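Engineer: Sequence and predicted structure are below.
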Number of protein chains: 2
Amino acid sequence: MSTLQNDLLLRALKGEKVERPPVWMMRQAGRYLPDYIKLRQQYDFFTRVQTPELACEITMQPIDQVGVDAAIIFSDILVIPQAMGLEVLLEEGRGPILPKTVQTENDINQLRTTDVAENLNYVMQALTLTKKVLNGRVPLIGFAGAPWTILCYMVEGKGSKSFDKAKQFCFTSPELAHKLLQKITDVTITYLNAQVDAGADLVQVFDSWSGMLSPADFKTFAQPYLIQISDAVSKKAPVILFPKGSWYALPELSKSSAAGLGIDWTVTPKMAREMTNNSITLQGNFDPSRLLSPIKDIKKAVTEMIDAFGTQRYIANLGHGILPNVPVDHARAFVDAVKEYQPTNTLITA
Amino acid sequence: MSTLQNDLLLRALKGEKVERPPVWMMRQAGRYLPDYIKLRQQYDFFTRVQTPELACEITMQPIDQVGVDAAIIFSDILVIPQAMGLEVLLEEGRGPILPKTVQTENDINQLRTTDVAENLNYVMQALTLTKKVLNGRVPLIGFAGAPWTILCYMVEGKGSKSFDKAKQFCFTSPELAHKLLQKITDVTITYLNAQVDAGADLVQVFDSWSGMLSPADFKTFAQPYLIQISDAVSKKAPVILFPKGSWYALPELSKSSAAGLGIDWTVTPKMAREMTNNSITLQGNFDPSRLLSPIKDIKKAVTEMIDAFGTQRYIANLGHGILPNVPVDHARAFVDAVKEYQPTNTLITA
């Protein structure tokens, strides 16, 4: 195991002093990068995800080309339903489709829970290979979808504006919902721990659809499972929880075992710091659409963002995944602006 | 003009004492009602909207069948872009499409602003007819989309998960964006005032996509235009602003000329009351998906909601439009639960 040359991200998560905030971007591997788009023309999605050499190559692209302070393994949150026995179709330019959804207790009983990490061995291989190729340049992030978000896809069978079928399932059959959520949670804990063993220095849990839930329903159907995962995996590696849209959960989650909390751009840095009582590392929260602004505006907005969060206990990132139509030099401008950050008030004297 | 027999909604908006909270549901006219679905098989969307007798009939259905305390005229927020000269296609089961989008200054200059209210005379006729048919049973609500939301459709040309093209337009051409927003605002003020003249007792402004904006961008691209509309129309009738997802704007909007603020289910009643300093009537915020719960759970959740908001300065409603797959008896259970409300703590003695 090589010692990290750039451990800004890990230090920020521990609350240790950093020279500047670390920066990475959700979905940085893929989508907007021309070299990725070339690979996409040669290999279908699951070939890219399941071939360790391809996943490693894609994971490395933004390290070399955009200069981020962390690598995040190229994969997908839907490998979990797939490994649990559900077919997942991912066609380019369309959302995911799960032809057979989970509706009954029997459907839940049939979901595989043993051998899931083994079925996902290709992810571990990709992590181990990438860790080796990185050779200590930056930390490597593993990840998984949160149980609520995975339930959304399992029950709904596809993306949705409201995920009302998933909610209906939870509201009408709460016992089944909890059984399913627990099953996903157990598998996810095993999976994330295996990712750490395979080389991930930290992991992030994406609750992409938690913001669809009311605060009370979040506490019922999302939060307990996020906490379980955080508690179980934090023993091995730092955990970042990203419950997108669930700003209301910040106070409680800031008291959890998680090392960091991701936030989207609908919360101001000031509100997020207040809600978390300055007690946890925050990650975010640049509006991904803002990367479509002129470069000078991107740099100005990044400076304002860091001014507001402060340089400590902070990880510069987007508030959601990078958009496919972002020019690479705009992504690079975002990263450069973090690296070149000088506080706006430096020159102000009383 | 007949005197209203049920003026609960107007009294709640004025902050006057009410015996119980008024209740209505966004999108209550249409979608889930079997009689509406029958009409949909006979007449296409714009025929239904543009034929005053049909619009009136659809508007009346939930008054008779579900027992709500207000009628909201059956129409669509996209009649404004249509009246300003843009083609709008609305096919059943698909989102709206605007084949020619707004991209340039010339596109903005070509948008019609005069005669827009005249072009929308069918809405005024529908309001006048419905007002007559209502014969004072309940108040009649007029509505329009907010300028930011209308800009989203004009620039993007269709629905979107992120409205990044609309945002890119605002971020790269803010002067054009403000010119377009002002033009929409001017037309909307004229339109809403004409609705009041035609019979609307109050109006609601739907900013369905404001929650896509950061708090700073909301203040730049959404709030000023909401305020302009509220200031101009409040002179004639009470205005409810509903900036969906923009919980962060509640403190400022509570100081505006608006009579009420709509909120979605991601804010707890307690937080919303605190953020608005108990100074304005709040409307909402039942998760529409919760109407798919068993009826006894709907009734329990409604009681908890009213317990939390209190019965005064409060309008019971959903946090967004009713879903098409809600059974009518569930919608009725929601309304009945408000009408039958007894505080949970009534029987508790110290």
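Structural biologist: Cool, the structure landed.
Engineer: Can you show me the CA trace of the helix or strand harbouring residue A:231 as PDB?
Structural biologist: Using DSSP states H and E, residue A:231 maps to helix A:223-233. Written as PDB, here are the backbone C-alpha positions of helix A:223-233 (Å, rounded to 0.1, in the frame of the first residue of the first chain):
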ATOM      1  CA  GLN A 223     -32.100   7.800   7.500                       C
ATOM      2  CA  PRO A 224     -32.000   4.600   9.600                       C
ATOM      3  CA  TYR A 225     -30.400   2.700   6.700                       C
ATOM      4  CA  LEU A 226     -27.900   5.500   5.900                       C
ATOM      5  CA  ILE A 227     -26.900   5.400   9.600                       C
ATOM      6  CA  GLN A 228     -26.500   1.600   9.600                       C
ATOM      7  CA  ILE A 229     -24.300   1.800   6.600                       C
ATOM      8  CA  SER A 230     -22.200   4.600   8.000                       C
ATOM      9  CA  ASP A 231     -21.800   2.900  11.400                       C
ATOM     10  CA  ALA A 232     -20.700  -0.300   9.800                       C
ATOM     11  CA  VAL A 233     -18.400   1.000   7.200                       C
END
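Engineer: any residue of it up close to chain B?
Structural biologist: No - contact of helix A:223-233 with chain B (CB under 8 Å from any CB of the partner chain) is absent, the minimum separation being 14.2 Å. C-beta here means a position set from N, CA and C on the backbone, and glycine is covered the same way.
Engineer: does any part of whichever helix or strand comes after that helix sit near chain B?
Structural biologist: Using DSSP H and E, the next helix or strand after helix A:223-233 towards the C-terminus is strand A:239-243. No - judged by CB under 8 Å from any CB, strand A:239-243 stays clear of chain B, getting no closer than 11.6 Å.
Engineer: Can you list the strands that strand A:239-243 pairs with?
Structural biologist: Within its sheet, strand A:239-243 is paired with strand A:202-207 (parallel), strand A:260-262 (parallel), according to DSSP bridges.
Engineer: Just send those strands back as JSON lines, with mean neighbour count too.
Structural biologist: Shown next, in JSON lines, are the strands paired with strand A:239-243 (neighbours: other CB atoms under 10 Å in any protein chain shown):
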{"stretch": "strand A:202-207", "mean neighbour count": "26"}
{"stretch": "strand A:260-262", "mean neighbour count": "24"}
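Engineer: right, so of these, which gets closest to residue B:53?
Structural biologist: Closest approach to residue B:53 among these is made by strand A:202-207 (48.1 Å; CB to CB).
Engineer: from the chain's centre, how far out does that closest one sit?
Structural biologist: Computed by CA atoms, centre = their mean, to the nearest Å, the chain-centroid distance of strand A:202-207 equals 5 Å.
Engineer: What count of nearby residues applies to the nearest residue to residue A:72 once chain neighbours are set aside?
Structural biologist: Excluding its sequence neighbours, the residue lying closest to residue A:72 (CB to CB, 6 or more residues apart in numbering or on different chains) is residue A:141, at 4.1 Å. Residues near residue A:141, counting by other CB atoms under 10 Å in any protein chain shown, number 24.
Engineer: which residues pair with residue A:141 across the strands?
Structural biologist: residue A:72, residue A:202.
Engineer: neighbouring contacts of the helix or strand bottoming out on mean pLDDT in chain A?
Structural biologist: Least confident helix or strand, chain A: helix A:116-119 with a mean of 86, by mean pLDDT, DSSP states H and E. Helix A:116-119 has contacts (CB atoms under 8 Å, 6 or more residues apart in numbering or on different chains) with A:80, A:83-84, A:112, A:124, A:187, A:190-191, A:194.
Engineer: Include pLDDT and secondary structure when you put the residues you listed into CSV, please.
Structural biologist: Listed next are the contacts of helix A:116-119 as CSV, based on pLDDT from 0 to 100; DSSP: H, G, I helix; E, B strand; the rest coil:
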residue, pLDDT, secondary structure
A:80, 97, helix
A:83, 96, helix
A:84, 97, coil
A:112, 95, coil
A:124, 98, helix
A:187, 97, helix
A:190, 97, helix
A:191, 97, helix
A:194, 97, helix
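Engineer: Can you select the buried ones from the residues you listed in ChimeraX?
Structural biologist: The buried residues among the contacts of helix A:116-119 can be selected in ChimeraX (16 or more other CB atoms under 10 Å in any protein chain shown) with this line:
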select /A:80,83,84,124,187,190,191,194
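Engineer: Residue A:73 is in contact with the residue nearest to residue A:72, correct?
Structural biologist: Yes - between residue A:141 and residue A:73 there is a contact at 6.9 Å, judged by CB atoms under 8 Å.
Engineer: Run through the residues of chain A sitting next to chain B.
Structural biologist: A:162-164, A:167-168, A:171-172, A:211, A:213-217, A:245-248, A:265-268, A:271, A:287-290, A:292-294, A:297, A:320, A:323, A:325.
Engineer: Show me those residues that map onto helices.
Structural biologist: Judged by DSSP state H, the residues of chain A next to chain B include A:164, A:167-168, A:171-172, A:215-217, A:271, A:297 as members of helices.
Engineer: Need the max-distance pair from these.
Structural biologist: Greatest spatial distance among these (CB to CB): A:172 and A:297, at 47.4 Å.
Engineer: ranges for the strands of the stretch 251-350 of chain A?
Structural biologist: A:260-262, A:281-286, A:314-318 (DSSP state E, counting those that start in this stretch).
Engineer: Quick check: which of those is nearest to residue A:254?
Structural biologist: strand A:260-262 (6.5 Å).
Engineer: Drop the exposed ones from the ones in helices among the residues of chain A next to chain B and show what's left.
Structural biologist: For these, a neighbour count by 16+ other CB under 10 Å gives the buried set as A:164, A:167-168, A:171, A:215, A:217, A:271.
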